[in-house]
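Enquirer: the sequence and its predicted three-dimensional model are supplied below.
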Amino acid sequence: METGVQEVKARLDAGEKLRLIDVREPQEHQICRIAGAELMPMRSVPQHLQDLDRDGEMLVVFCHHGMRSLSVVDWLRRQGVENCQSMAGGIDAWSVQIDPTVPRY
């Protein structure tokens, strides 16, 4: 259910098509973001269920530290969306391990 930030970066660098879903709140997204990720606050995920379950594309869900995204992935899998993983450590781990230009908060 989880994948690490190093693995996500390696998969992106290898050209794998990953759909990054940011489930943080808009005010958190204003502080920092990962380029190309879609903002979809956690509370709005059920409204987007059909859009998230399309063509088997791999979803990588993230939040600040990885707890909300893990909950979202658990919920999505219970709805039948199997191609999803939570990015362990969230955007904070991304900032520390991958891209230090992404501000931490």
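Expert: Received it, and whenever you're ready, just let me know what you need. These numbers were taken from a predicted model, which means no experiment stands behind them.

Enquirer: for the helix or strand of the chain with the lowest mean pLDDT, which positions count as buried?
Expert: The weakest-scoring helix or strand in the chain, judged by mean pLDDT, DSSP states H and E, is helix 49-52 (a mean of 92). For helix 49-52, the neighbour count (16 or more other CB atoms under 10 Å) marks Leu52 as buried. For glycine as for every other residue, the C-beta is placed from the backbone atoms N, C-alpha and C.

Enquirer: what packs against the following helix or strand past it?
Expert: Going down the chain from helix 49-52, the next helix or strand is strand 58-62, by DSSP states H and E. Judged by 3 or more CB pairs under 8 Å, 6 or more residues apart in numbering; DSSP states H and E, strand 58-62 is in contact with strand 18-22, helix 67-78, strand 84-87, helix 90-97.

Enquirer: need the winner for burial among these.
Expert: strand 84-87 (a mean of 25; mean count of other CB atoms under 10 Å).

Enquirer: what's that one packed up against?
Expert: Under the contact definition 3+ CB pairs under 8 Å, 6+ apart, strand 84-87 sits against strand 2-3, strand 58-62, helix 67-78.

Enquirer: what's that strand in contact with?
Expert: Contacting residues not belonging to strand 84-87 are listed as 1-5, 8, 52, 58-62, 66, 69-70, 72-73, 76-77, 93-94 [CB atoms under 8 Å, 6 or more residues apart in numbering].

Enquirer: again with stretch 35-45
Expert: Stretch 35-45 has contacts (CB under 8 Å, 6+ apart) with 19-26, 29, 33, 48, 52, 62-63, 68, 71-72, 75-76.

Enquirer: now do it: distance to the chain's middle.
Expert: Taking CA atoms, centre = their mean, to the nearest Å, one finds stretch 35-45 lying 8 Å from the centre of the chain it belongs to.

Enquirer: so Glu57 sits right up against Arg19, yeah?
Expert: Yes: between Glu57 and Arg19 there is a contact under CB atoms under 8 Å: 5.3 Å.

Enquirer: look up the closest residue to the spatially most central residue of the chain, ignoring the ones flanking it.
Expert: Centroid-nearest residue in the chain, with CA atoms, centre = their mean: Val61, separated by 2.2 Å. Spatially, and ignoring its direct neighbours in sequence, Val61 is nearest to Ser69 (4.2 Å; CB to CB, 6 or more residues apart in numbering).
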